[in-house]
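Participant: no sequence for this one, just the structure:
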């Protein structure tokens, strides 16, 4: 009998989450993707199927300021950057999609920084 990997279990949790979460033009979805080396935040309008904004630790403006791209400080930088970009684009409310990850550590730091930057969720 084959065992599921951690990533397979995370994907199953994300599928269950996505049954209830959907981004609209009035309230798009803030998606968090976490890897071993980077963290990504994307704002998506699911009804139109468009990515509105995206920020990650791979962006030159953010990565130049960071010592490490894999820690909580990097997640805070990405969260504040996505919050500022969203405010300038006229987005004030979002639906938070944690992507099947625990609301802990880097995911929580990104969410808290986005809230401090002015996003409501």
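Facilitator: Done, it's in. Everything numeric in this text was worked out from a predicted model, so none of it was measured. Numbering: from 1, shown residues only.
Participant: who's in contact with the helix or strand of the chain with the lowest mean pLDDT?
Facilitator: The helix or strand of the chain with the poorest confidence is helix 60-63; it has a mean of 90 (mean pLDDT, DSSP states H and E). Helix 60-63 is contacted by residues 55-57, 69, 74, 77-78, 81 when judged by C-beta atoms under 8 Å, 6 or more residues apart in numbering. For glycine as for every other residue, the C-beta is placed from the backbone atoms N, C-alpha and C.
Participant: for that helix, buried residues please.
Facilitator: Going by neighbour count (16 or more other C-beta atoms under 10 Å), the buried part of helix 60-63 is residue 62.
Participant: over to stretch 35-47?
Facilitator: 38-46.
Participant: same question for stretch 111-118.
Facilitator: Buried residues in stretch 111-118 (16+ other C-beta under 10 Å): 111, 113-114, 117.
Participant: kindly report the same for stretch 53-60.
Facilitator: 53, 55-57.
Participant: low-confidence regions, the chain specifically.
Facilitator: The model of the chain has pLDDT under 70 over residues 1-3.
Participant: thanks a lot, catch you later.
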